[in-house]
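Colleague: Need a 3D model of the following:
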Amino acid sequence: MKENKEEKYLENIMEILNTLEYAEDYLTIEDIMEKTKIDNKTQIQNILNKLKEKKIIGSSRGKNGGYFLTETIKDMNKEYIKRILD
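Modeller: Residues are numbered from 1 along each chain as shown. Below you'll find the predicted structure:
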């Protein structure tokens, strides 16, 4: 089965977020864009909003704000990613 672009973006974003060691470690959208080489900011925002709705990530506003994982995702398979996007 062919993986769609949104699934691939989500997989890349989750891999980057999963490298954070502490809940205090944040990544901005710009950080995510740079590390994943995804240049579509709107697409990244949409995916991050879905992750926030599912309580997989949190966010903090302000000068030092950004996105962070609320828990470590070790077993991230294709079915898990599809459930997030539904």
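Colleague: Tell me how far Asn18 lies from Glu7.
Modeller: Using Cβ to Cβ, to the nearest Å, Asn18 is found at 16 Å from Glu7. Quick note: C-beta positions are derived from backbone N, CA and C, even for glycine.
Colleague: Counting neighbours, go ahead and name the busier of those two.
Modeller: Legend: neighbour count by other Cβ atoms under 10 Å for Asn18 and Glu7, higher for Glu7 (16 against 13).
Colleague: quick check, the more buried one in a helix?
Modeller: Yes: membership of Glu7 in a helix is supported by DSSP: H, G, I helix; E, B strand; the rest coil.
Colleague: And the pLDDT at it?
Modeller: Looking at Glu7, its pLDDT reads 82.
Colleague: same question, Tyr22
Modeller: So, for Tyr22, pLDDT stands at 60.
Colleague: got it, and Met33?
Modeller: In this prediction Met33 is given a pLDDT of 91.
Colleague: Which secondary structure element is home to it?
Modeller: helix 29-36 (DSSP states H and E).
Colleague: Next one: Ser59 from Lys37, what distance?
Modeller: From Ser59 to Lys37 the distance is 22 Å (Cβ to Cβ).
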